Structure formats: structure tokens, C-alpha cells
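*Asks:* Kindly generate the corresponding structure for this input.
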Amino acid sequence: MTTNIISVGLLSFAHGHAYSYASALRQREDVKLAGFWDDDADRARSVAAQLGLTQFDSLQELLASDIDAVIICSENAKHAELTLAAAAAKKHVMCEKPLGISVDEMERMIAACAVNGVQLMTAFPCRYIPAVIEAKKSIERGDIGEIVAVKGTNRGSMPGGWFVVPSASGGGAVLDHTVHVMDLMNWFVQSDIVDVYAEAATLFHPELEVEDAGMVHVRFESGVVASLDPSWSRSRSFPTWGDVTMEIIGTQGVISIDAFAQKSDLYSDKETKAQWMYWGDDMDAGLVDGFIHAIKQGTEVPITGEDGLKSARVALAALESSRLEAPVKL
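*Replies:* Okay, here's the model as predicted:
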């Protein structure tokens with residue numbers, strides 16, 4: 001890629017991250033945000049009015065334009081079809097997590113982008129959290145020796161909407177929240193996962209058709225064991241949507257991560273609950289920067305489609321393990 005300006009289109013605002021990605025893109029002098037397309041007419045009108053973005057009438061019209069790349073923030077079940085369409089149009093793709101809702105479709109997404117000579121990046125902004133970046137450096141320096149175990153949480157609030165509709169989401173909390181921290185575990189441990197055992201249930205919101213609670217356990221080929229709580233267990237009164245924490249246990253030390261510790265506590269009579277005012281670095285801006293930089297330099301994206309497949313595969317195996325009430329080998 002030789003041009004200094006990268007033109008990007010947004011495909012769907014179903015996922016709230018689309019708003020933060022749009023903000024990050026607009027702040028860059030080396031990016032032109034060409035506009036967006038959304039298959040939900042009401043949502044599209046709202047986005048156009050709120051953000052003042054150019055709205056394309058059809059997916060085909062946007063993909064036929066002179067954009068270089070797209071960012072997909074649709075419902076999970078539509079990730080594959082949108083990625084395949086973008087790849088066929090020779091557009092680079094950054095896709096919201098989870099990359100897909102089946103191993104087969106994720107493999108097809110990866111293959112289509114490779115055949116068409118475009119990049120496929122999975123949206124895992126947690127890699128750009130300052131505490132996570134420093135932990136990765138510490139592990140690589142050998143500060144805690146060899147990793148023997150990892151414990152993590154990505155506990156959130158129940159999101160509602162299409163996230164709790166199985167045909168649109170592909171699953172509940174286990175699929176939604178396993179993938180973020182599992183990607184970090186894969187990144188830190190650098191070993192393949194050999195088996196998964198999980199339990200999942202609907203405990204906090206009995207009206208749901210999807211699971212809202214779970215515990216996921218994995219064993220890496222290197223012998224490292226890890227556990228993760230991806231439950232939607234944060235109540236509406238919780239200051240933010242949830243948390244990302246990790247404890248990485250090594251032979252010579254321990255690293256503890258609280259991803260959202262860069263915050264101030266706000267108590268105001270105008271609000272109905274306490275709030276966290278986050279003053280740390282913008283992980284979504286870091287994610288977008290990694291995507292744009294790779295396109296401009298012609299280098300591999302920092303978080304590949306294969307990375308997305310690895311973490312989503314574990315989440316899907318966890319759901320299968322819960323159904324079978326037995327470990328699942330990968």
C-alpha cells in the first residue's frame with residue numbers, strides 16, 4: 001500500500017464498538033472514513049443523524065467504492081458473509097469478535113482473504129491495554145520464569161438485544177466473553193490448547209435462551225493450565241460493563257492484571273449509580289492503529305484471523321463441553 005490516506009468503510013453498527021472505532025478513525029489524518037452501510041434501516045438512520053456519516057444504500061455500493069478496507073461490527077452470525085463479500089471485493093477486513101460462530105465459517109473467512117490477497121484482522125482491543133502490554137514484555141524478559149498457570153475473568157453485564165438471540169449471536173456469555181481473555185492467554189503462553197472443560201448455565205437472567213454464566217478450563221500442550229470466568233454476572237448497578245483481570249503464575253513470580261484500573265470513581269446525584277471515569281490509554285484507538293499501520297506498510301496485521309479462530313474455537317468447545325458434561329479435545 002503506497003498511498004498515505006487509507007479509505008475505510010464501516011459495515012453495520014449492531015455492535016457498540018462501531019462507535020468507538022468510528023471515533024478513532026475520525027481522529028486520524030491518514031484515514032478517510034468513507035461512510036457506512038447497515039442492514040437495519042432504523043439503526044442506519046440513527047447513526048447517520050448522530051454521527052453525520054455518509055450512508056450507503058447497499059452493501060454492494062459500499063464495496064464497489066474506492067475504499068481500501070472495512071470494519072465489520074455486525075451481529076456475530078453475519079461476520080462470515082460480510083467478510084466473504086469484502087474479500088471478494090479486494091477490501092482488507094477488521095472483524096469484531098468473535099470472528100465467527102463455527103470453525104468451518106472462520107476457516108472459510110481466513111481462506112477467502114488469503115486467496116484475494118487482503119488482510120483479515122480480529123478485533124481484540126485488550127491487547128492494547130497498557131497493563132497487558134507491560135505484562136507481555138515482562139513474560140518475554142523471563143521476569144516470572146516459566147508460566148505454569150493462568151487465571152482470568154471477563155465478567156460483564158448482560159447486554160440484551162441481539163446478543164441474547166441464539167440465531168444472531170451464536171451463544172451467550174461463554175462465546176461473547178471467553179474470546180477476549182483467551183486471546184491474551186494464547187498470546188502469553190504461546191502454546192496450542194489440547195483440551196477444554198467447561199460448565200455453563202443460565203443463572204442470573206432465567207428468561208434468556210442463552211447461557212449467562214460459565215467457567216472455562218483449558219490445558220495447553222506445554223502443560224500450562226488456565227481457568228476463565230466469562231459470566232454476565234455484573235449487575236446494572238456496576239460502574240461499568242464489566243472487567244478484564246488476569247493472574248499469570250510463573251515458577252519465579254506472579255503478574256496480576258486489572259485492565260481497567262486506570263480510573264477515577266465518580267459519585268454524582270445526577271446519576272443513579274457510581275461511575276468509573278477511565279483516564280487510561282484508548283485500547284480501541286490502539287487496535288485501529290495496528291490495523292491501519294499494517295495496511296499502509298504492507299505487513300501482517302498484529303492480530304490475525306488465525307488468532308481469532310484460536311480463541312473462538314475454545315469458546316465453541318467450551319459450549320460443547322458443557323453440553324456433553326465432559327472435556328473436549330482440540
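*Asks:* ok but L82 is inside a strand, no?
*Replies:* No. Using DSSP: H, G, I helix; E, B strand; the rest coil, the secondary structure at L82 is helix, not a strand.
*Asks:* does E105 sit in a helix or strand, and which one?
*Replies:* helix 103-115 (DSSP states H and E).
*Asks:* any idea how far A34 lies from L324?
*Replies:* Applying CB to CB, to the nearest Å, the value for A34 to L324 is 46 Å. Using the backbone N, CA and C atoms, a C-beta is placed for each residue, glycine as well.
*Asks:* cool, V148 as well?
*Replies:* Counting by CB to CB, the gap from V148 to L324 is 28 Å.
*Asks:* quick one on the thing from earlier: helices or strands up against the following helix or strand past the helix holding E105?
*Replies:* Following helix 103-115 in sequence order, the next helix or strand is strand 120-123 (DSSP H and E). Where contact means 3 or more CB pairs under 8 Å, 6 or more residues apart in numbering; DSSP states H and E, strand 120-123 is packed against strand 92-96, helix 103-115, helix 283-297, helix 305-324.
*Asks:* possible to save these as CSV with mean pLDDT, distance to D40 and mean neighbour count?
*Replies:* Listed next are the helices and strands packed on strand 120-123 as CSV, based on pLDDT from 0 to 100; distance: least, CB to CB, whole Å; neighbours: other CB atoms under 10 Å:
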stretch, mean pLDDT, distance to D40, mean neighbour count
strand 92-96, 98, 15, 26
helix 103-115, 98, 21, 18
helix 283-297, 96, 22, 20
helix 305-324, 98, 24, 22
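*Asks:* mind giving me JSON lines with those and columns for distance to F260?
*Replies:* Putting the helices and strands packed on strand 120-123 into JSON lines (distance: least, CB to CB, whole Å) gives the following:
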{"stretch": "strand 92-96", "distance to F260": "20"}
{"stretch": "helix 103-115", "distance to F260": "29"}
{"stretch": "helix 283-297", "distance to F260": "10"}
{"stretch": "helix 305-324", "distance to F260": "20"}
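*Asks:* I'd like to know which of those is closest to V224.
*Replies:* helix 305-324 (13.6 Å; CB to CB).
*Asks:* Report the residue spans of the stretch 201-330 of the chain with pLDDT below the cut-off.
*Replies:* Residue ranges of the stretch 201-330 of the chain with pLDDT under 70: 262-264, 268, 271, 276-280.
*Asks:* ok, P327 touching E199?
*Replies:* No. Applying CB atoms under 8 Å as the test, P327 and E199 come out as separate, 11.3 Å apart.
*Asks:* quick one on the thing from earlier: which stretch among the helices and strands packed on strand 120-123 comes nearest G52?
*Replies:* helix 283-297 (19.1 Å).
*Asks:* how close does L82 sit to C73?
*Replies:* L82 is 10 Å from C73, by CB to CB.
*Asks:* Common neighbours of these two, please.
*Replies:* Common contacts of L82 and C73 (CB atoms under 8 Å, 6 or more residues apart in numbering): L11, S12.
*Asks:* These two - which one has more neighbours?
*Replies:* C73 (26 against 23; other CB atoms under 10 Å).
*Asks:* Angles on the backbone of that one, please.
*Replies:* C73 adopts backbone torsions of phi -130, psi 40, taken as degrees, to the nearest 10.
*Asks:* still on that earlier bit, G156 is nearest to which of the helices and strands packed on strand 120-123?
*Replies:* The nearest among those, by CB to CB, is helix 305-324 at 14.0 Å.
*Asks:* what distance separates that closest one from the centre of its chain?
*Replies:* 14 Å (CA atoms, centre = their mean, to the nearest Å).
*Asks:* List the pairing partners of whichever helix or strand comes after that helix within its sheet, with orientation.
*Replies:* Sequence order places strand 328-329 as the next helix or strand after helix 305-324, per DSSP H and E. Strands that pair with strand 328-329, judged by DSSP bridges, come out as strand 193-201 (antiparallel).
*Asks:* which residues sit against the strand it pairs with?
*Replies:* 172-174, 186, 211-221, 310, 314, 317-319, 321-322, 326-330.
*Asks:* Please indicate which of the residues you listed are buried?
*Replies:* For the contacts of strand 193-201, a burial check counting by 16 or more other CB atoms under 10 Å picks out 172-174, 186, 211-220, 310, 314, 317-319, 321-322, 328, 330.
*Asks:* and the residue nearest to L51 when sequence neighbours are not counted, backbone torsions?
*Replies:* Nearest residue to L51, sequence neighbours excluded (CB to CB, 6 or more residues apart in numbering): A22, at 6.2 Å. In terms of degrees, to the nearest 10, the main-chain angles of A22 are phi -60, psi -40.
*Asks:* Of the helices and strands packed on strand 120-123, which is nearest E207?
*Replies:* Of all the helices and strands packed on strand 120-123, helix 305-324 comes closest under CB to CB, at 19.5 Å.
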